[in-house]
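Enquirer: have a look at this fold, sequence not included:
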């Protein structure tokens, strides 16, 4: 008996008839879908990024605020000094004057890393942007991270080691000038450095000038300044809109602030 024979096609080895890739119609549909998704998702993504930057900036402001408060409590200084190991001198002769023979004068502003923002046209807001005659500026890192006022390791605030080793009178915090018994000392670092810029690449700034509790103020009675001390970021528009000197500070436009001390201390 003769058995019928069958020919089996090997489909795996035979060439396909369909062309590889997409047709013009398919590519057009894909592009349309991507465009629609972009229109739907991008506004939400932009809002998310803005909120994330604002949250980070507020967190930085709080961290700087806490660091400044801890520094003031530890050192008993009441101010930030250009030369950290100088004595407080309240006599005539102007300890705030950099040309004064006393090894001490106060800072007017502390700044972080970052660019200098634009603006500053509101009130005396221009003072946020640059030092003005006789009023020094230093970095937050020099005072809160390294204990190197003016970037000078020898011009430091008194440390616990100085107390233990009976440091010189030059290293007594001015609030405890009566003797060496007080335990005021720099116990940082108060911030994990470096002190970075705000989320928009600009610097944070603190008007520490108004911390001085015994400075000659606008009242002329030496009772301290009547203006608020606060940390400032120029915010998303990267322009300064808040005055440097304010009592009862209200941030201008989209500036971000964190008050450290309100009015005279």
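Expert: Alright, I've got the coordinates. Keep in mind that what you see is a predicted model, and the values were worked out from it rather than measured.

Enquirer: which SSE is residue 63 in?
Expert: Taking DSSP states H and E as the definition, one finds residue 63 inside helix 24-75.

Enquirer: now residue 258
Expert: Under DSSP H and E, the secondary-structure element containing residue 258 is strand 256-261.

Enquirer: and the helix holding residue 63 with strand 256-261, angle?
Expert: Using axes from the mean of the first three to the mean of the last three C-alpha atoms, to 10 degrees, one finds that helix 24-75 and strand 256-261 are set 10 degrees apart in direction.

Enquirer: helix or strand right after helix 24-75?
Expert: Once the chain leaves helix 24-75, the next helix or strand it forms, by DSSP H and E, is strand 109-111.

Enquirer: what sits up against that following strand?
Expert: Residues outside strand 109-111 that contact it (C-beta atoms under 8 Å, 6 or more residues apart in numbering): 80, 127-128, 131, 135, 137-140, 143, 203-209. For the C-beta atoms, the positions are set from N, CA and C on the backbone; glycine is no exception.

Enquirer: try it again at 7 Å.
Expert: 80, 137-140, 143, 203-209 (C-beta atoms under 7 Å, 6 or more residues apart in numbering).

Enquirer: so what pairs up with the closest residue in space to residue 260 that isn't next to it in sequence in the strands?
Expert: Using C-beta to C-beta, 6 or more residues apart in numbering and skipping residues adjacent in sequence, the residue nearest residue 260 is residue 229, 4.5 Å away. Residues in a beta bridge with residue 229, per DSSP bridges, are residue 261.

Enquirer: how far away is residue 227 from residue 140?
Expert: From residue 227 over to residue 140 the distance is 20 Å, taken as C-beta to C-beta, to the nearest Å.

Enquirer: and residue 54, by the same measure?
Expert: Note on residue 54: its distance to residue 140, by C-beta to C-beta, is 21 Å.

Enquirer: between those two, which one's more packed in?
Expert: Looking at residue 54 and residue 140 with other C-beta atoms under 10 Å, you find the greater number of neighbours at residue 140, namely 27 against 16.

Enquirer: follow-up on the earlier one: what packs against the strand holding residue 258?
Expert: In this structure, strand 256-261 makes packing contacts with helix 24-75, strand 229-233, judged by 3 or more C-beta pairs under 7 Å, 6 or more residues apart in numbering; DSSP states H and E.

Enquirer: where does the prediction get shaky in the protein?
Expert: Flagging of the chain using pLDDT under 70 yields the residue ranges 1-21, 41-46, 77, 84-105, 132-135, 164, 166-182, 214-224, 263-265.

Enquirer: so which of the contacts of strand 109-111 are in helices?
Expert: Assignment to helices by DSSP state H places the following of the contacts of strand 109-111 there: 140, 143.
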